[in-house]
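S.K.: prediction below, plus the sequence it came from.
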Amino acid sequence: MTKKELASKIAKQSEITQLLTLEAVQMVFDGITATLLDEGRIELRNFGVFEVKKRRARKARNPRTGERVSVPARLVVAFKPGLEMEQRVHELKRSPRPK
């Protein structure tokens, strides 16, 4: 699902314009990004936790040549789903997916 599709779905449910909804969705994403940059972590209750983590430097292998290369340390964003989300995803595994 794309950001535009998400905004469209929310607009239909809330009966507001798709443009206004798209702006709101973008503001939420911008807020999450800004919080990660400022604080390194954002916790959204019943949804999950986004956190900036440091991935250590490591040695890897180029699959085409087999040559060993150094991969430098870097910062990555990790997501850990909340309990409610995890439970709902596990329920999906048991039942057929709605279309």
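M.R.: Nice, I can see it. Numbers count the residues shown, from 1 in each chain.
S.K.: report the next helix or strand after the longest helix that the chain contains in sequence order.
M.R.: In the chain, assigned by DSSP state H, the helix with the most residues is helix 18-39. Next helix or strand after helix 18-39 toward the C-terminus (DSSP states H and E): strand 41-44.
S.K.: pLDDT (mean, whole number) over that following strand?
M.R.: The average pLDDT for strand 41-44 rounds to 95.
S.K.: tell me which strands the following helix or strand past that strand pairs with, and in which orientation.
M.R.: Sequence-wise, the next helix or strand downstream of strand 41-44 (DSSP H and E) is strand 48-55. Here strand 48-55 has these sheet partners by DSSP bridges: strand 41-44 (antiparallel), strand 74-81 (antiparallel).
S.K.: packing partners for the longest helix of the chain?
M.R.: Where contact means 3 or more Cβ pairs under 8 Å, 6 or more residues apart in numbering; DSSP states H and E, helix 18-39 is packed against helix 3-14, strand 41-44, strand 48-55. For every residue, glycine as well, the C-beta is placed using N, CA and C.
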